[in-house]
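[1] heads up, no residue letters with this:
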């Protein structure tokens, strides 16, 4: 099992930016893909972005493509999500998690952390 601590959320106006961070602990971080997910009030948790174990491959949900960038620092066991041009629809609790493989993380493998709240005002 890995554990995750997300940070960096907050309140921002539409068009603004935030950078989220997820510090992981437990098993070998650098061997697995990592993903970001989000859950808006009254909705299911959804995939946002993932990154392969060395960072060479990334993928994004259509709704965030071109606005969000995922990256990772294996030495610090941390994955980041740079969010630009934020929209009110991006309002959600954001979570990170490990994937089942080294390449993709579109489904979370471990228990979820507390997440970090992002609120985007119009």
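    Now that the structure is in, tell me what you want to look at. All of these numbers come straight from a predicted model, not from anything done at the bench.

[2] residue 70 - nearest residue in space that isn't next to it in sequence?
    residue 49 (4.1 Å; Cβ to Cβ, 6 or more residues apart in numbering). For every residue, glycine as well, the C-beta is placed using N, CA and C.

[3] bridged to the one you found, which residues?
    Beta-bridge pairing of residue 49 under DSSP bridges involves residue 36, residue 60.

[4] ok, residue 98 - contacts?
    2, 24, 32, 33, 34, 35, 105, 108, 109, 110 (Cβ atoms under 8 Å, 6 or more residues apart in numbering).

[5] mind checking which of these are in strands?
    Secondary structure from DSSP state E places 24, 34, 35 of the contacts of residue 98 in strands.

[6] between the contacts of residue 98, which sits nearest residue 120?
    Using Cβ to Cβ, residue 35 comes nearest to residue 120 of those, at 20.9 Å.

[7] what is the neighbour count of that closest one?
    26 (other Cβ atoms under 10 Å).

[8] one more: residue 86?
    22.

[9] any idea how far residue 68 is from it?
    Distance of residue 86 to residue 68, computed by Cβ to Cβ, to the nearest Å: 9 Å.

[10] could you do residue 122 as well?
    Residue 122 is 19 Å from residue 68, by Cβ to Cβ.
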